[in-house]
Structure formats: structure tokens, C-alpha cells
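A.B. asks: The following comprises the amino acid sequence and a computationally predicted model.
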Amino acid sequence: MTDNVVGLIVLTGVGATALTDFWCLVRQRVFAVPFPNYGFVGRWIAHMARGRFVHVSIAAAVPVSGERAIGWASHYLIGIAFAFVLSAAASPEWFHHPTLAPALLAGIGTVVAPFFLMQPAMGAGIAASRTPHPSAARFQSLVMHTILGIGLYVTARLVCSIAAGG
């Protein structure tokens with residue numbers, strides 16, 4: 001994989017993640033859905049460094065200095081990692097000629113991570129089954145990851161166009 005392709009993948013992951021954040025702002029203002037608390041993600045990750053991987057409730061876990069910054073940085077690093085997953089699934093060449101279907105499938109496919117890893121480990125249960133409104137939480141996760149897929153496509157097109165000089 002060339003440095004050029006790695007750069008395209010990284011920029012695509014950052015752009016797609018930024019689009020999900022924009023969506024979260026829109027949904028917060030229009031639908032009154034709270035913005036995700038990435039501080040809890042940071043708390044979860046920081047506790048991993050101390051050997052604790054699973055919590056009954058991440059909100060009740062001991063707060064960690066810098067958890068918000070850790071959470072936001074992790075949020076973007078995870079978005080970049082998902083762009084690398086797309087590269088592995090579709091091929092690095094996809095980033096030179098992006099198409100919607102692989103990006104959308106990759107974005108929707110990444111919903112597996114919160115459903116079966118993050119939510120259970122943070123105390124929300126498999127696919128948010130221990131939350132007050134599991135169906136709503138699942139729907140929000142699916143929408144967010146669909147937006148990520150659209151963001152992968154749109155950002156890859158934009159980055160590819162800029163890299164090509166037009």
C-alpha cells in the first residue's frame with residue numbers, strides 16, 4: 001500500500017467521522033437526541049490500560065483525567081480504522097475510484113462494533129439491550145453507521161478529486 005493510498009484512507013476516515021459528528025449536531029437540534037458522550041468512551045479506554053475491560057455501567061465507573069480528550073481522539077482513530085476496514089474489504093484501489101455500495105456496506109457493517117463490543121463492555125448490553133429504549137438506541141446506531149458509510153463515500157470522492165487536481 002503506497003503512502004498516497006494511506007493518506008487517502010486516513011483523510012477519508014477523518015472526513016467520514018466528521019460527517020457523523022455533523023449528523024449528531026443536526027439530530028440534537030432537530031430531534032432533541034443527545035450528542036454522544038465520547039468522554040465515556042475515553043473512560044472505558046482509560047480503564048482498559050488499568051486492566052478493566054467490562055463495566056456494569058461506564059457512567060458509574062471512576063472518572064479518569066483526560067477522558068473526554070481520550071474519547072474524542074479514539075472516536076476519530078476508530079473512524080480511520082473503519083476506513084482501513086473498507087480498504088481491506090474493497091481494495092486500496094477503491095480510494096482512487098470510490099463507489100457508493102462498498103462504502104455504505106462497510107459503514108453499516110461497522111455497527112457490529114458498538115452492538116457486540118462497546119455497548120456490552122460499557123454496561124449497555126448486547127445491542128443496547130440494557131438501555132431504557134433498546135430499539136431507539138439500535139436505530140440511532142444503525143443510522144449513525146449508515147451516515148458513516150455515506151461519509152466514507154463522499155469524503156473519498158472529495159479527497160480523490162482534490163488529489164487528482166480538480
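C.D. replies: Yep, it's here.

A.B. asks: Now Thr131. Nearest residue, chain neighbours left out?
C.D. replies: Once flanking residues are discounted, Thr131 sits nearest to Ala137: 4.8 Å by C-beta to C-beta, 6 or more residues apart in numbering. Every residue, glycine included, has its C-beta placed from N, CA and C.

A.B. asks: What helix or strand is that neighbour located in?
C.D. replies: Assigned by DSSP states H and E, Ala137 belongs to helix 134-163.

A.B. asks: Give me the secondary structure label for the residue nearest to the spatial centre of the chain.
C.D. replies: With distances taken as C-alpha atoms, centre = their mean, Gly79 lies nearest the centre of the chain, 4.6 Å away. Three-state call for Gly79 (DSSP: H, G, I helix; E, B strand; the rest coil): helix.

A.B. asks: picking that back up, could you pull up the residues touching the residue nearest to Thr131?
C.D. replies: 119, 124, 127-128, 131 (C-beta atoms under 8 Å, 6 or more residues apart in numbering).

A.B. asks: How many neighbouring residues does Ala163 have?
C.D. replies: Each residue near Ala163 was counted by other C-beta atoms under 10 Å, and the total is 14.

A.B. asks: in terms of contact, does it touch Ile9 like I think?
C.D. replies: No - using C-beta atoms under 8 Å, Ala163 is not in contact with Ile9; the gap is 11.9 Å.

A.B. asks: I'd guessed Asn4 sits against Val159; true?
C.D. replies: No - Asn4 is beyond contact range of Val159, at 10.7 Å (criterion: C-beta under 8 Å).
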